[in-house]
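> 3D model of this:
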Amino acid sequence: MPPVRYVRTNGIDMAVYEAGKGPAMVLLHGFPELAFSWRHQIAPLAAAGYRVIVPDQRGYGLTERPSKVEDYDMVHLTGDLIGLLDALGVEKAVFAGHDWGGLIAWQMPLFHQNRVAGVIGLNTPFIPHEMLWLQPSLVNGLTAPGKPFVADATKDPITQMREVYSPDMYVLMFEDGDLADRLMARDVARVFRDNMRKGVITAAQYARLPPQARQMAFIKALEQPEPKTLPGSSILTSDELAFYVDSFGRTGFTPGINWYRNLSRNWKAGLNVDQTIKVPSLMIGAEDDVVLAPALMDGMDVHIADLEKHVITGCGHWSQQEKPEEVTALMADWLKRRFPA
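Okay, the predicted model is just below:
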């Protein structure tokens, strides 16, 4: 990682890692991750001729952690990035985001189009109005036979998720009290040992699971003893695992979970916002990401006229760490064609 620096933005001190010169791009991490999650991409993208800017986002790593839940809504999260551009003297940037970082990257051109040159979504597709967890590929078979569920963009997504999922579904656990916060903080190392893995299950295998096994009760599983043998293999070295454990051992997971606790607020704020992405966009899916499945990419062309899509085969959720060379190559190729250095 490059040396850390701090910038004042939107009322907080934000830790930022920066390398290279040229057209600016901002890499946004997801949950539970850090700027460190992009460690494999920073140097190659800088060498390709780009100014690579990678923040620990609000509540994460070395960046400040406000105490109020509402301080983590999309207005604050996108506002932090505008302040970051201002502090660094950048007029426009390409925003690339993975997981929750992808949700933010897609919102940037909706709320701040004049500061966005382009968007790269990694694993996370653009789905309007916070309806991500309500798409057919995720909810098919979870409702009563003969009563197919169809997401309604005019209705609070959390309310709709309660109609489909059990209370143990991880997003709903985040909404309902602090049990999830406490379970994750109880054994930080286990969170990363259990989750940052590859070769755990293929998308085809997941689709064949019974409905009760597709409830995404990832956090609830932490109530049970850790299995002696974990499926798949870790994507982290011992030093990388230690880096995550040290960081989240210090900060806890609540600030990151608070991003989820603003889904209803974000939905309401975007109801009257045109859901058309008007900048060049790249979507990189992962074949075996069972939550952010490539099937979710299918409807994106309706909202994004200038869209290029790719799927990395044999790859799970943690794409830029699991298949770093493939991710970096796709990003660099698209950037060189659309935003030459």
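
> mind checking how far Pro3 is from Phe243?
15 Å (CB to CB, to the nearest Å). Yep, even glycine has a C-beta here, placed from its N, CA and C like the rest.

> comparing the two, which shows the higher neighbour count?
It is Phe243, of Pro3 and Phe243, that has more neighbours when counted by other CB atoms under 10 Å, with 18 against 7.

> could you find the closest non-adjacent residue to the more buried one?
Excluding the flanking residues, the one nearest Phe243 by CB to CB, 6 or more residues apart in numbering is Phe36, at 6.0 Å.

> ditto for Ile277
Closest residue in space to Ile277, ignoring its immediate chain neighbours: Ile304 at 4.3 Å, by CB to CB, 6+ apart.

> residue most distant from the centroid, this protein?
What lies farthest from the middle of the chain is Gly146; by CA atoms, centre = their mean that is 33.2 Å.

> pLDDT score for that one?
Gly146 is assigned a pLDDT of 77 by the prediction.

> so where do the helices sit in the stretch 201-341 of the chain?
For the stretch 201-341 of the chain, the helices defined by DSSP state H, counting those that start in this stretch cover 203-207, 238-251, 254-260, 263-269, 319-322, 324-338.

> quick one: residues contacting the residue nearest to Ile277.
Phe126, Thr276, Ile277, Ser281 (CB atoms under 8 Å, 6 or more residues apart in numbering).

> closest to Ala293 out of these?
Nearest to Ala293 out of the contacts of Ile304 is Phe126 (CB to CB; 14.4 Å).

> list the contacts of that closest one.
Counting by CB under 8 Å, 6+ apart, Phe126 has contacts Trp106, Ile277, Ser281, Met283, Met300, His303, Ile304.

> that one belongs to a helix?
No: Phe126: not assigned to a helix; according to DSSP: H, G, I helix; E, B strand; the rest coil it is coil.

> sorry, back to before: mind checking which of the contacts of Phe126 are in strands?
In strands, judged by DSSP state E, the following of the contacts of Phe126 are found: Ser281, Met283.

> could you provide the contacts of Phe126 in JSON lines, with additional columns for pLDDT?
Output for the contacts of Phe126, formatted as JSON lines (pLDDT from 0 to 100):
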{"residue": "Trp106", "pLDDT": "98"}
{"residue": "Ile277", "pLDDT": "98"}
{"residue": "Ser281", "pLDDT": "98"}
{"residue": "Met283", "pLDDT": "98"}
{"residue": "Met300", "pLDDT": "97"}
{"residue": "His303", "pLDDT": "97"}
{"residue": "Ile304", "pLDDT": "98"}
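
> restricted to buried residues, select the contacts of Phe126 in ChimeraX.
Burial among the contacts of Phe126 is assessed by 16 or more other CB atoms under 10 Å; the matching ChimeraX selection reads:
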select :106,277,281,283,300,303,304
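
> farthest-separated two in the contacts of Phe126?
Most distant of those, by CB to CB, are Met283 and His303, 11.3 Å apart.

> tally of neighbours for the nearest residue to Met131 once chain neighbours are set aside?
Spatial nearest neighbour of Met131, excluding adjacent residues (CB to CB, 6+ apart): Ala151 at 4.6 Å. Counted by other CB under 10 Å, the residues lying close to Ala151 total 20.

> remind me which helix or strand Ala151 belongs to.
Ala151 is located outside every helix and strand, with elements delineated by DSSP states H and E.

> who's in contact with it?
Residues in contact with Ala151 (CB under 8 Å, 6+ apart) are Met131, Leu134, Gln135, Pro157, Gln160.

> which one of those is nearest to Ser233?
Gln135 (29.0 Å).

> isn't the closest one right up against Leu296?
Yes: when contacts are counted by CB atoms under 8 Å, Gln135 is listed as touching Leu296 (5.4 Å).

> these two: which has the busier surroundings?
Leu296 (22 against 19).

> check the nearest residue to the more buried one once chain neighbours are set aside and give its pLDDT.
Excluding the flanking residues, the one nearest Leu296 by CB to CB, 6+ apart is Pro125, at 4.5 Å. Model confidence at Pro125, given as pLDDT, is 98.

> any regions of the protein where pLDDT drops low?
Within the chain, not a single segment meets pLDDT under 70.

> please, where are all the strands along it?
Under DSSP E, the chain gives strands at 4-9, 12-19, 24-28, 51-55, 93-98, 116-122, 197-198, 233-234, 281-286, 307-312.

> for the first one, packing partners?
Contacts defined by 3 or more CB pairs under 8 Å, 6 or more residues apart in numbering; DSSP states H and E place strand 4-9 against strand 12-19, helix 74-88.

> buried set for the last one?
By 16+ other CB under 10 Å, the buried positions in helix 74-88 come out as 74-85, 87-88.

> kindly reformat these as a markdown table containing distance to Asp176.
As requested, these are exported to a markdown table (distance: CB to CB, whole Å):
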| residue | distance to Asp176 |
| --- | --- |
| Met74 | 21 |
| Val75 | 24 |
| His76 | 23 |
| Leu77 | 22 |
| Thr78 | 26 |
| Gly79 | 28 |
| Asp80 | 27 |
| Leu81 | 29 |
| Ile82 | 32 |
| Gly83 | 32 |
| Leu84 | 33 |
| Leu85 | 36 |
| Ala87 | 37 |
| Leu88 | 39 |
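
> understood, closing this out.
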